[in-house]
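Visitor: A predicted structure for the sequence below; I have some questions about it.
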Amino acid sequence: MKKKLLYCGLLVLLCYLNLAAQPAIILYNPPRADSVWGITGNTWFYNDTGQDTLDLAAIRQQQFVPIPVAYTGLIRPRYAVNTNWLRFSIDNKNPADTIRLYFNCNPHQFVSMFTGGKAMAEPVYPVMAEEKHFLLTIPPQAQDTFYVKIVERINYLSSITPRLQATDAAAHSFTQQTGDGAFLLTVMSMALGCLVFMALFALYQFILEKDKSFLFYVAYVLCALYVWLVIGNTRFNLQVGFLQQQHFHIPVSSGIAFFYTLFIVHILQLKTSHPVKWQVLKILLLLIILETAVEVYENFTGVFIFTSSFYYHYVLPLPNNLVNLFLLYVLITSKSPIKKYLLAGLTLLILFLFVFSNFVYFIPGLPPGISVFANFPPFWGLMGVTAEAFCFALALAYKSKLVKEERNKLQQQYTTELQQKLAEQKLTLDTQFEHLQLQQAKQLETAFEKKLAETEMAALRAQMNPHFIFNCLNSIKLYTLENDAETASDYLTKFSRLIRLVLENSKSEKVFLSREIETLRLYIELEMMRFKDKLTYEMTVASSVDEQYLEVPPLLLQPYIENAIWHGLMHKKEGGKVTIQFIQPAEHLLEVVITDNGIGREKAAALKSKESNRHKSFGINMTQERLQVINQLYDIETKVTIIDLYDVAQVPTGTRVIILIPV
């Protein structure tokens with residue numbers, strides 16, 4: 001118990017000693033106009049471990065301690081939101097003069113100042129100034145206590161070194177920072193201008209070539225451009241409205257890694273050449289999307305999911321780091337001729353964005369003109385992205401060169417193949433031309449033969465007509481000699497009708513079957529008159545036969561009927577009968593069956609009738625010639641089959657002729 005009391009007493013004594021070591025700043029006279037001095041030894045410190053949850057009234061009740069040594073150098077906060085409070089007092093002993101001083105404590109993310117229980121107005125300082133300078137006014141013989149709230153979010157490295165500046169010193173600081181900031185702004189603007197130019201050029205190339213590599217490059221450069229515009233707007237206090245919307249900064253920032261990964265994947269054709277590597281990259285890109293979703297949620301709600309800065313410093317950047325390392329491996333192992341440009345760009349990005357901006361952050365003792373660049377981490381990131389974008393632009397240009405060479409090679413190959421095809425086509429055309437000439441000659445020969453056949457057909461029709469007319473005139477002569485005027489007149493009427501039909505039909509190569517049947521009826525009736533009614537006939541047409549549609553050569557059937565009458569029935573005393581049947585066994589075939597019950601061909605040949613020989617040699621032979629010409633002319637095959645009919649005792653009972661006519 002005594003040891004615990006002794007330990008508590010030592011702590012109280014230590015606190016008292018610390019309090020004694022942090023006196024108020026006592027000023028008896030206004031300081032020199034160019035005075036600048038640090039007030040670390042006069043400033044109290046309190047770390048709000050409650051993640052920025054206490055207001056000023058609650059802070060006043062907390063136990064402040066001297067600023068720890070760690071906070072006077074570069075520090076990495078332990079928490080996602082790190083809130084530090086400073087407290088110092090200024091005692092103006094001068095009875096007449098008001099003292100005006102400027103307070104600053106290095107650049108920080110969020111700095112606000114309170115006095116008299118109220119927040120002081122935001123400091124007014126030149127646009128290019130990086131640090132906030134608060135104007136402090138202490139009336140004569142008055143003492144004022146000031147509270148400073150410094151909030152760092154996630155992972156912001158900075159030191160806490162409070163100091164006071166007189167008016168001239170502050171003005172000189174403003175001027176110095178403005179000049180250095182203007183120089184920094186100029187250099188960053190030039191880099192951003194390069195990004196704009198490269199984006200527009202790549203966009204134009206995409207419009208021309210429709211290559212997605214250019215499109216991903218444009219998206220990557222535009223994301224980088226937006227991020228650095230937001231950073232520049234914050235750093236230089238440009239007050240550009242849409243750039244102050246920090247909510248859009250997070251997803252666009254993640255879009256840099258996302259799109260340059262897709263750019264490398266597409267330009268190296270990893271989807272087809274290395275599908276396994278592409279699958280790994282897809283998983284890493286998904287992690288980037290999840291990481292971005294977490295950041296967007298925290299940015300919009302203002303609530304950090306994780307309290308420890310370890311997550312935001314090591315875990316949250318892990319997907320981006322893994323993507324870069326894996327892309328580095330992909331490029332090193334790649335055999336693509338473009339990889340040297342991509343490897344150079346990615347190496348520069350890693351060097352500037354992840355090395356310089358994290359480890360080369362605050363180098364003391366540098367001249368202001370150099371320190372404004374070296375000690376501003378976003379500058380290194382911008383240089384890294386610009387260098388990478390430039391190398392990627394070279395990769396695109398080199399790819400265009402390779403594509404052009406490949407096109408030229410393909411063009412030459414295509415030209416060679418085209419020449420070979422032209423030679424083959426010329427040979428084919430020559431062969432076809434020769435074949436065409438032979439075909440044309442054959443067509444001319446066929447046309448000539450057809451014309452000759454038509455001429456022969458016309459000649460045969462011309463022979464058929466006089467032959468038939470001669471027979472009819474003989475019949476009329478017979479009736480005249482017998483003084484049978486009435487029969488001769490009737491015969492002459494039918495003969496005139498028959499002659500008219502024959503003359504009309506002889507003008508055509510084919511006639512309708514109905515007209516041919518009418519002609520045959522008139523002819524048979526005339527022959528019946530000659531035979532004194534000893535001749536009868538029967539003509540039947542099947543119902544399937546369309547007389548008005550089918551066409552047949554004219555006077556093709558008449559010689560066979562005539563032959564049946566004169567050769568089969570003329571030598572039969574009791575006369576006989578001729579039967580004619582028209583059948584259509586198929587759609588394009590007409591079958592005509594002519595049957596007589598005469599003496600038969602053998603007996604007719606034995607009689608050797610002069611009239612019969614004449615009829616046979618002149619009628620049947622001429623009909624056979626007509627059939628040959630018709631078959632040749634119409635490229636058909638008209639068949640004629642003659643069948644001798646016998647009874648049971650093998651006595652001839654007539655003749656049957658079957659004619660098959662294609663229609």
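Guide: Everything's here; your move. Predicted model only: the values in this text are computed from it and were never measured.

Visitor: distance from the chain centre to stretch 257-273, please.
Guide: Once both centres are worked out by CA atoms, centre = their mean, to the nearest Å, stretch 257-273 turns out to sit 19 Å from its chain's centre.

Visitor: also stretch 200-220?
Guide: Using CA atoms, centre = their mean, the offset of stretch 200-220 from its chain centre is 17 Å.

Visitor: buried set for it?
Guide: 201-203, 205-206, 211, 213-220 (16 or more other CB atoms under 10 Å). The C-beta positions use only the backbone N, C-alpha and C, and glycine is treated the same way.

Visitor: how about those residues in JSON lines, adding distance to F326?
Guide: Below are these laid out as JSON lines (distance: CB to CB, whole Å):
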{"residue": "F201", "distance to F326": "29"}
{"residue": "A202", "distance to F326": "24"}
{"residue": "L203", "distance to F326": "28"}
{"residue": "Q205", "distance to F326": "27"}
{"residue": "F206", "distance to F326": "26"}
{"residue": "D211", "distance to F326": "24"}
{"residue": "S213", "distance to F326": "19"}
{"residue": "F214", "distance to F326": "24"}
{"residue": "L215", "distance to F326": "23"}
{"residue": "F216", "distance to F326": "17"}
{"residue": "Y217", "distance to F326": "20"}
{"residue": "V218", "distance to F326": "23"}
{"residue": "A219", "distance to F326": "20"}
{"residue": "Y220", "distance to F326": "17"}
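
Visitor: the host helix or strand of V578: what's the following helix or strand?
Guide: Using DSSP states H and E, V578 falls within strand 576-586. With elements assigned by DSSP H and E, the helix or strand that comes after strand 576-586 is strand 589-596.

Visitor: what's the average pLDDT for that following strand?
Guide: Across strand 589-596, pLDDT averages out at 93.

Visitor: now what about it, what contacts it?
Guide: 513, 545, 550, 552, 557, 560-561, 564-565, 568-569, 576-585, 645, 654-663 (CB atoms under 8 Å, 6 or more residues apart in numbering).

Visitor: so where do the strands sit in the stretch 101-250 of the chain?
Guide: Applying DSSP state E, counting those that start in this stretch to the stretch 101-250 of the chain gives strands spanning 110-115, 118-119, 134-138, 142-153, 163-165.

Visitor: next, the angle from the fourth one to strand 110-115.
Guide: Note on geometry: by axes from the mean of the first three to the mean of the last three CA atoms, to 10 degrees, strand 142-153 and strand 110-115 are set 160 degrees apart in direction.

Visitor: now the angle between strand 134-138 and strand 142-153, please.
Guide: Using the same axes, to 10 degrees: strand 142-153 against strand 134-138 is 160 degrees.

Visitor: residue ranges of the helices in the stretch 51-200 of the chain, please?
Guide: 56-60, 167-209 (DSSP state H, counting those that start in this stretch).

Visitor: closest one to T167 out of the buried residues of stretch 200-220, please.
Guide: Y220 (47.6 Å; CB to CB).

Visitor: next up, identify which helix or strand T653 is on.
Guide: strand 652-662.

Visitor: which other residues reach the helix or strand containing A605?
Guide: For A605, the element it lies in under DSSP H and E is helix 601-607. The contact list for helix 601-607 (CB under 8 Å, 6+ apart) reads 567-568, 571, 598, 612, 642, 644, 652, 655.

Visitor: go with 7 Å
Guide: Helix 601-607 is contacted from outside by 567-568, 571, 612, 644, 652, 655, using CB atoms under 7 Å, 6 or more residues apart in numbering.

Visitor: relative to A24, how far out is V541?
Guide: For V541, the distance to A24 equals 142 Å [CB to CB, to the nearest Å].

Visitor: now do C194
Guide: 53 Å.

Visitor: buried stuff in stretch 321-339?
Guide: Result for stretch 321-339 [16+ other CB under 10 Å]: buried residues 322-324, 326-327, 330-331, 334, 336, 338-339.

Visitor: now, the most widely separated pair of the residues you listed?
Guide: L322 and I338 (22.8 Å).

Visitor: quick check, nearest of the buried residues of stretch 321-339 to V276?
Guide: Looking across the buried residues of stretch 321-339 and measuring by CB to CB, the closest to V276 is V330, at 10.7 Å.

Visitor: dump the residue contacts of the closest one.
Guide: K277.

Visitor: backbone dihedrals for it, please?
Guide: phi -60, psi -40 (degrees, to the nearest 10).

Visitor: likewise D211?
Guide: phi -100, psi 120.

Visitor: could you check how far it is from A202?
Guide: Applying CB to CB to D211 and A202 gives a distance of 10 Å.

Visitor: same check, this time on I517
Guide: Counting by CB to CB - I517 and A202 are separated by 89 Å.

Visitor: so for R32, what's the nearest residue that isn't a sequence neighbour?
Guide: Leaving out its chain neighbours, the residue that sits closest to R32 by CB to CB, 6 or more residues apart in numbering is A166, at 6.2 Å.

Visitor: how close does the one you found get to M528?
Guide: With CB to CB as the criterion, A166 and M528 are 155 Å apart.

Visitor: then P652?
Guide: Taking CB to CB, one finds P652 at 23 Å from M528.

Visitor: T167 now?
Guide: Computed as CB to CB, the T167 to M528 distance reads 152 Å.

Visitor: which ones are touching the residue positioned nearest the centre of the chain?
Guide: Nearest to the mean C-alpha position of the chain, counting by CA atoms, centre = their mean, stands K210 at 10.9 Å. Contacts for K210 (CB under 7 Å, 6+ apart) come out as none.

Visitor: state the pLDDT value of it.
Guide: 85.

Visitor: how about the closest residue in space to F201 that isn't next to it in sequence, secondary structure?
Guide: Leaving aside its chain neighbours, F201 sits nearest to A393 (7.5 Å; criterion: CB to CB, 6+ apart). Look at A393: counting by DSSP: H, G, I helix; E, B strand; the rest coil, its state is helix.

Visitor: how far away is A393 from P337?
Guide: From A393 to P337 the distance is 16 Å (CB to CB).

Visitor: cool, G575 as well?
Guide: With CB to CB as the criterion, G575 and P337 are 110 Å apart.

Visitor: again with V552
Guide: 83 Å.

Visitor: picking that back up, the residue nearest to R32 contacts N29, correct?
Guide: No - with contact defined as CB atoms under 7 Å, A166 and N29 do not form a contacting pair (11.7 Å).

Visitor: quick one on the thing from earlier: neighbour count: A166 and M528, which is higher?
Guide: Taking other CB atoms under 10 Å, A166 and M528 do not tie; A166 has more neighbours (20 against 17).

Visitor: contacts only, for that one.
Guide: Counted by CB under 7 Å, 6+ apart, A166 has contacts 31-35, 101.

Visitor: now do it, the pLDDT please.
Guide: So A166 comes in at 88 (pLDDT).

Visitor: mind checking the backbone torsions on it?
Guide: Per degrees, to the nearest 10, the backbone of A166 is at phi -70, psi 170.

Visitor: strands of the stretch 501-650 of the chain, start to end?
Guide: Applying DSSP E, counting those that start in this stretch to the stretch 501-650 of the chain gives strands spanning 511-512, 535-541, 551-552, 576-586, 589-596, 639-646.

Visitor: tell me which of the ones you listed approaches N92 most closely.
Guide: strand 576-586 (132.5 Å).

Visitor: in that closest one, what's buried?
Guide: 576, 578-582, 584.

Visitor: with stretch 591-605 instead?
Guide: 591-601, 604.

Visitor: now tabulate those in CSV and tack on distance to T53.
Guide: Output for the buried residues of stretch 591-605, formatted as CSV (distance: CB to CB, whole Å):
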residue, distance to T53
E591, 115
V592, 119
V593, 121
I594, 126
T595, 127
D596, 132
N597, 134
G598, 137
I599, 140
G600, 137
R601, 135
A604, 139
